[in-house]
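**Student:** here are the coordinates; sequence isn't available:
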């Protein structure tokens, strides 16, 4: 490993960062978010050599921290390239999200979890659906308001950017194919549920990190908009104060968090004309959590809203980077 670059990095006070997979949706967004930073130096690989294993290994081992923005198999291979004990990794794939020797990268998951990220050299960045789901469910499981054996039904609607370059191309390639009032083809102009075999790739992390004993019943939906995501969960309690206790639990869990807001119970300002906007947190690293009670109070509709490209992907990864490098956790991120 060329020590010169590391020495310059330490002398200048800048951390060396490398994004392996810089041309993907998450990698591009991370580059965009890091570009204004004067405390970092971002290493870039020549596009013609981005599949050159030796060149990638060189950059990985020169960096203080590496983002792996790759498919699962490629992420596992890249992690094995690390020989520099000082190199820290943040993986954006699903490869390590339930691995025992990696820390799950959701700082707000539970008390003490932020400190685990700060001291780790291997952090698995959460999936977008999982981020929103866990912010709602984990505190309730810990408080006993949701049983570990309970089968939770959750629905998530996300912008098409969550499908990566191929889905973005599919949607944007159809623009203008019909009238100005229907910007997409007929097939793409309506919400599209998917993962109908009930085996979405985020389910293992959702189950494990929520502390559940059974997988949720999870229905993800792609909507005809670029970015934004909301997860909704319906819960039923045994008494009229159940919805109030759920709201109090979430409010207590996140009262000091920068990026998680629990809005007032049934907040009428959260909906426009009775409709909820899943794009309300776009271009931020914020998560909005809401509880809508039934009239009798025994039922509660829970909603978590994030930007699938922000808190749900690149923003969450940068937040983890800040923690791992001992920087201000909120640096370069918007809480909206």
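**Tutor:** On my side now, so go ahead. Just so it is clear, the model here is predicted, and its values are computed rather than measured.

**Student:** Next, find the distance separating the nearest residue in space to residue 15 that is not next to it in sequence from residue 40.
**Tutor:** Excluding its sequence neighbours, the residue lying closest to residue 15 (C-beta to C-beta, 6 or more residues apart in numbering) is residue 64, at 4.5 Å. Where C-beta positions appear, they are placed from N, C-alpha and C, glycine not excepted. Applying C-beta to C-beta, to the nearest Å, the value for residue 64 to residue 40 is 9 Å.

**Student:** Touching both of those two, which residues are there?
**Tutor:** Taking C-beta atoms under 8 Å, 6 or more residues apart in numbering as the contact rule, residue 64 and residue 40 both touch 15-17.

**Student:** Scan these and report the most crowded one.
**Tutor:** residue 17 (24 neighbours; other C-beta atoms under 10 Å).

**Student:** How far away from the center of its chain is whatever helix or strand residue 205 lives in?
**Tutor:** In the assignment (DSSP states H and E), residue 205 maps to helix 203-210. Relative to the chain's own centre, helix 203-210 is displaced by 14 Å; criterion: C-alpha atoms, centre = their mean, to the nearest Å.

**Student:** How many residues are close by the residue nearest to residue 15?
**Tutor:** Using other C-beta under 10 Å, residue 64 has 22 other residues around it.

**Student:** Verify the stated contact: residue 44 with residue 22.
**Tutor:** Yes: with contacts counted by C-beta atoms under 8 Å, residue 44 reaches residue 22, the gap being 6.9 Å.

**Student:** Comparing the two, which residue is more hemmed in?
**Tutor:** residue 22 (19 against 11).

**Student:** Where does the nearest residue to the more buried one once chain neighbours are set aside fall, secondary structure wise?
**Tutor:** Among residues not flanking residue 22 along the chain, residue 31 sits closest, at 6.1 Å (C-beta to C-beta, 6+ apart). Under the criterion of DSSP H and E, residue 31 resides in helix 25-34.

**Student:** same question, residue 156
**Tutor:** For residue 156, the host element (DSSP H and E) is strand 153-158.

**Student:** what lines up beside that strand in the sheet?
**Tutor:** Take DSSP bridges as the rule and strand 153-158 pairs in its sheet with strand 217-222 (parallel), strand 229-236 (antiparallel).

**Student:** As a check, name the ranges of all helices in the stretch 51-200 of the chain.
**Tutor:** Assigned by DSSP state H, counting those that start in this stretch, the helices in the stretch 51-200 of the chain fall at 53-62, 72-80, 113-118, 128-142, 164-172.

**Student:** tell me which residues in the second one are buried?
**Tutor:** Residues of helix 72-80 classed as buried under the neighbour-count rule (16 or more other C-beta atoms under 10 Å) are 74-76, 78-79.

**Student:** same question, the fourth one
**Tutor:** Neighbour counts over helix 128-142 (16+ other C-beta under 10 Å) mark 128-142 as buried.

**Student:** can you pull out the strands in the stretch 151-300 of the chain?
**Tutor:** For the stretch 151-300 of the chain, the strands defined by DSSP state E, counting those that start in this stretch cover 153-158, 192-193, 217-222, 229-236, 260-262, 271-272, 275-276, 287-293, 299-306.

**Student:** Out of the ones you listed, which gets the lowest mean score?
**Tutor:** Among the strands of the stretch 151-300 of the chain, strand 271-272 carries the lowest mean pLDDT, at a mean of 74.

**Student:** ok, that strand: who's next to it in the sheet?
**Tutor:** If you go by DSSP bridges, strand 271-272 pairs up with strand 275-276 (antiparallel).

**Student:** any idea how far the strand it pairs with is from the chain center?
**Tutor:** That offset, for strand 275-276, works out to 22 Å (C-alpha atoms, centre = their mean).

**Student:** Name the surrounding residues that touch it.
**Tutor:** 230, 270, 303, 305.

**Student:** so what's the third one bridging to?
**Tutor:** What that stands for is residue 303. With DSSP bridges as the rule, residue 303 is bridged to residue 232, residue 290.

**Student:** Got the phi and psi for the closest residue to residue 279 other than its chain neighbours?
**Tutor:** Of all residues not flanking residue 279 in the chain, residue 228 sits nearest, at 3.4 Å (C-beta to C-beta, 6+ apart). Phi and psi for residue 228, reported as degrees, to the nearest 10, are phi 120, psi 150.

**Student:** From residue 328, how far out is residue 228?
**Tutor:** Separation of residue 228 from residue 328 (C-beta to C-beta): 26 Å.

**Student:** Looking at those two, which has the bigger crowd around it?
**Tutor:** The neighbour comparison of residue 228 against residue 328 (other C-beta under 10 Å) goes to residue 228, with 25 against 10.

**Student:** How many residues are close by the closest residue to residue 33 other than its chain neighbours?
**Tutor:** Distances taken as C-beta to C-beta, 6+ apart put residue 318 closest to residue 33, at 5.3 Å, once the chain neighbours are dropped. By other C-beta under 10 Å, 27 other residues sit near residue 318.
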